[in-house]
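Trainee: Next comes the sequence, and after it the predicted model I'd like to discuss.
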Amino acid sequence: MTDAQPQFLNVGEGQGERRIAYISSHGAPHMVPGLVWLPGLKSDMVSTKASFVADWALKTGRPFLRFDYSGHGQSDGDFEAGTMGRWLEDTLAVLDRAALGPQILIGSSMGGWIALMLLQSMRDQGRKFANHVCGAVLIAPAWNMTQDLIWERFSDEARETIERNGVYHWPSDYGDDPYAITKALIEEGRSHLLDPTGFDPGCPVRIIQGQRDPDVPWQHTLALVDLLTSSDVTLTLVKDGEHRLSRPQDLDLMIREVEALWEQARKGAV
């Protein structure tokens, strides 16, 4: 499954047009809802967690769709041209044009925020997707990431560098190359912050969060639970879990949460 060849779809117009790579497994007949993987920042659709879900979905006959945002993985585009709105547009295009039927979103880190942005957009705009969302599993969701988890943590020197040069190269613990954090990413991200008064996601939400996560503190995720006004929201804290949550026991927990939500959605006739 991890060796599957991607397909492509075009998103955007003019200079903003880019080709988005995705891999889709249709699953067994009538095995709905489908599952859609939303990666984190600088991650991709063949990461450890995404590939683990892909293998499980293949074995159990469940439809599974994964993709790379523009500037990530096998998709076209310059990473430094990326913004939250641009990556949300990529997500919407994949959902509308490559998914079939009702879907459960599985969002990791930044992908968790994008899943929430999508759900909030559905509420605010009354947007009707060709394939409606019937649940979400969020793994260390980095909601309001650009403001709360990046800009607010930056030193004065880092902020001055962004203001002066338009970009700051942020050292990363997850690879040799730093993250290029642009002024556009920070400023455009402010237009996508979640409603501070709270909102109903419109579907069940399951959250997994490590308590030793240095990038998304568990207290930040606890605040998200308060922000979601639906009663069908659960949070599972992993006491010794860090940000990646990619150990065997973390992967097994993720699958249990996805499977339980899938069964719930199926019984509810999605």
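Mentor: Yes, it's here.
Trainee: Isn't Val11 up against Trp87?
Mentor: No: counting by CB atoms under 8 Å, Val11 stays clear of Trp87, with 10.3 Å between them. Yep, even glycine has a C-beta here, placed from its N, CA and C like the rest.
Trainee: which other residues reach stretch 146-166?
Mentor: Outside of stretch 146-166, the residues within contact range by CB atoms under 8 Å, 6 or more residues apart in numbering are 84, 142, 167-168, 170, 181-186, 189-190, 193, 215-216, 220.
Trainee: Buried subset of the residues you listed, written for PyMOL?
Mentor: Typed into PyMOL, the line below selects the buried ones among these, using 16 or more other CB atoms under 10 Å:
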select buried, resi 84+142+168+181+182+183+184+185+186+189+193+215+216+220
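Trainee: Just the ones in strands from the contacts of stretch 146-166, please.
Mentor: Taking DSSP state E as the definition of strands, the contacts of stretch 146-166 contribute Val167, Tyr168, Trp170, Ile181, Thr182.
Trainee: Output these as TSV; include the columns pLDDT and distance to Pro29.
Mentor: Shown next, in TSV, are these (pLDDT from 0 to 100; distance: CB to CB, whole Å):
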residue	pLDDT	distance to Pro29
Val167	98	49
Tyr168	97	50
Trp170	92	46
Ile181	97	45
Thr182	98	45
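Trainee: quick one: which of the residues you listed is nearest Asp232?
Mentor: Ile181 (34.7 Å; CB to CB).
Trainee: Quick check: beta-bridge partners of that closest one?
Mentor: Counting by DSSP bridges, Ile181 is bridged to Tyr168.
Trainee: shaky segments in the stretch 151-270 of the chain?
Mentor: Applying pLDDT under 70 to the stretch 151-270 of the chain flags residues 175, 269-270.
Trainee: For the nearest residue to Thr182 once chain neighbours are set aside, give its distance to Asp215.
Mentor: What sits nearest to Thr182 in space, not counting adjacent residues and going by CB to CB, 6 or more residues apart in numbering, is Val167, at 4.8 Å. Shown here: Val167 relative to Asp215, a distance of 20 Å by CB to CB, to the nearest Å.
Trainee: Using PDB, write out every CA atom in the helix or strand containing Asp252.
Mentor: Using DSSP states H and E, Asp252 sits within helix 248-267. Extracted C-alpha coordinates of helix 248-267, given in PDB (Å, rounded to 0.1, in the frame of the first residue of the first chain):
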ATOM      1  CA  PRO A 248       3.500   1.000  18.300                       C
ATOM      2  CA  GLN A 249       1.200   1.600  21.300                       C
ATOM      3  CA  ASP A 250       0.300   5.100  19.900                       C
ATOM      4  CA  LEU A 251      -0.500   3.700  16.500                       C
ATOM      5  CA  ASP A 252      -2.700   1.000  18.000                       C
ATOM      6  CA  LEU A 253      -4.600   3.600  20.000                       C
ATOM      7  CA  MET A 254      -5.100   5.700  16.900                       C
ATOM      8  CA  ILE A 255      -6.600   2.800  15.000                       C
ATOM      9  CA  ARG A 256      -8.900   1.900  17.900                       C
ATOM     10  CA  GLU A 257     -10.200   5.500  18.000                       C
ATOM     11  CA  VAL A 258     -10.700   5.500  14.200                       C
ATOM     12  CA  GLU A 259     -12.400   2.100  14.100                       C
ATOM     13  CA  ALA A 260     -14.700   3.000  17.000                       C
ATOM     14  CA  LEU A 261     -15.700   6.300  15.300                       C
ATOM     15  CA  TRP A 262     -16.200   4.500  12.000                       C
ATOM     16  CA  GLU A 263     -18.500   1.900  13.600                       C
ATOM     17  CA  GLN A 264     -20.400   4.700  15.300                       C
ATOM     18  CA  ALA A 265     -20.900   6.600  12.100                       C
ATOM     19  CA  ARG A 266     -21.900   3.400  10.300                       C
ATOM     20  CA  LYS A 267     -24.500   2.600  12.900                       C
END
